[in-house]
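Participant: A predicted structure for the sequence below; I have some questions about it.
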Amino acid sequence: MNIKSLRSDHIYQKVAQASPEEKLELFRNEMMAPFMKQWEIQQIPFRAEEANGFDVITFNSMMHRAPEQITPQISQEIGQISSESFWSECEHAVRKSLDLFIEHEISLSVSDYLFTIQLGNPDNRALVINEGYSGFGGIPGFIWGTILPNAYTIPRMKAALAHECNHNVRYQYIQWDHTVNLGELIVSEGLAENYATFLFGEKLLGPWVSKTNAETLNRHIKPVLREKLQLTGFDQFAPYLYGDEIAKLQNFKPVNMPYSAGYACGYYLIQYYLRKTGRTIFEATITPAAQILDEVKGFWDEKTIISG
């Protein structure tokens, strides 16, 4: 297995020193081009002239620092993700996350993995709601971390990467297409966050779970989501997964759901599943959502206890 880190800090340092005219193409060629296969799968044009001005730079700049923002004025931010220890810890997290599946006899069809950590856009409200960090790992072979670097977020990046690696493994087994429903997303996010805490402990449980209390989960979230599991179409199920505030930021219709309702529900649903079946998180990761949901029918009526 070949795991490669794209050292964004080195790229940021180059772009920061480049002239305004050079920044865009330098960033495109060094930060975006290594992920070309991902952009093709996502059908995002590499250059704007290919599709009405929307391209990988436009897409990337929604959540991350845009090329024109990468100047000497953000040198402190760049410095916070420039230590060898930070990148070593991130690479170790990715390697450990993937290696453990092989050790537990889960074969991986993808052998080459590329990951990077990008500086988040501090004006992105969704990122701020997520307490300054997030990630993306839904396309096998490519893993992203996003960070507003500080003393809180930096130690949490390894758990975020483990979460994304779990997605990376799952979607080597589970087909993602237009039939994907809310049930799959709830299961997938629950698996990913359970994997992160399996590796790094509940102290690094993401805010997308830790901000939800037992009363909200039991009285508000579970009764609604159990009736919506078959919902398809991202615009339809996103508000139930992310909650109203983030849904509104994405121009989706709010549905009276709190922050990251689907994530919190999924986390405790998967804990219930693992306890009930005795299966490992590794086995569960490659199990179809329909099968998991069929075995957790008691979860919806049981009052979930949240410790801590």
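Facilitator: The structure has been received and is ready for your questions. Residues are numbered from 1 along each chain as shown.
Participant: all contacts plus neighbour counts: C-alpha atoms, from now on.
Facilitator: Noted.
Participant: where do the helices of the stretch 1-150 of the chain begin and end?
Facilitator: In the stretch 1-150 of the chain, helices defined by DSSP state H, counting those that start in this stretch lie at 8-17, 20-27, 36-42, 56-63, 75-80, 84-103, 125-129, listed in chain order.
Participant: which of the ones you listed sits most buried?
Facilitator: Among those, ranked by average contacts under mean count of other C-alpha atoms under 10 Å, first place goes to helix 8-17 (a mean of 20).
Participant: indicate which one of the helices of the stretch 1-150 of the chain is closest to F252.
Facilitator: F252 sits nearest to helix 125-129 of all the helices of the stretch 1-150 of the chain, at 13.5 Å, using C-alpha to C-alpha.
Participant: sorry, back to before: between the helices of the stretch 1-150 of the chain, which one is nearest to P288?
Facilitator: Short answer: helix 84-103, nearest of the helices of the stretch 1-150 of the chain by C-alpha to C-alpha, at 16.8 Å.
Participant: got a list of contacts for that closest one?
Facilitator: Outside helix 84-103, the residues that touch it by C-alpha atoms under 8 Å, 6 or more residues apart in numbering are 3, 5, 7, 81, 107-108, 154, 157-159, 161-162, 165-166, 169, 199, 282.
Participant: just the buried ones from the residues you listed?
Facilitator: Neighbour-count burial (16 or more other C-alpha atoms under 10 Å) is assigned, among the contacts of helix 84-103, to 3, 5, 7, 81, 108, 154, 157-159, 161-162, 165-166, 169, 199, 282.
Participant: show me the two of those that sit farthest apart.
Facilitator: Farthest-apart pair in the buried ones among the contacts of helix 84-103 is I81 and F282; separation 30.6 Å (C-alpha to C-alpha).
Participant: which one of the buried ones among the contacts of helix 84-103 is nearest to I186?
Facilitator: Distance to I186 across the buried ones among the contacts of helix 84-103 (C-alpha to C-alpha) is lowest for N166, with 13.8 Å.
Participant: in the stretch 1-150 of the chain, where is pLDDT below threshold?
Facilitator: For the stretch 1-150 of the chain, residues meeting the criterion pLDDT under 70 lie at 50-52.
Participant: do that again at 90, thanks
Facilitator: For the stretch 1-150 of the chain, applying pLDDT under 90 flags the ranges 47-54.
Participant: before we move on, back to that, could the helices of the stretch 1-150 of the chain go into JSON lines alongside distance to G266?
Facilitator: Shown next, in JSON lines, are the helices of the stretch 1-150 of the chain (distance: least, C-alpha to C-alpha, whole Å):
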{"stretch": "helix 8-17", "distance to G266": "32"}
{"stretch": "helix 20-27", "distance to G266": "36"}
{"stretch": "helix 36-42", "distance to G266": "25"}
{"stretch": "helix 56-63", "distance to G266": "24"}
{"stretch": "helix 75-80", "distance to G266": "33"}
{"stretch": "helix 84-103", "distance to G266": "20"}
{"stretch": "helix 125-129", "distance to G266": "19"}
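Participant: with respect to F234, which of the ones you listed lies nearest?
Facilitator: Once the helices of the stretch 1-150 of the chain are compared by C-alpha to C-alpha, helix 36-42 is nearest, at 14.3 Å.
Participant: list the contacts of the closest one.
Facilitator: Contacts of helix 36-42 (C-alpha under 8 Å, 6+ apart): P45, F46, V56, I139, F142.
Participant: that one: how far from the chain's middle?
Facilitator: The chain centroid and the centroid of helix 36-42 are separated by 17 Å under C-alpha atoms, centre = their mean, to the nearest Å.
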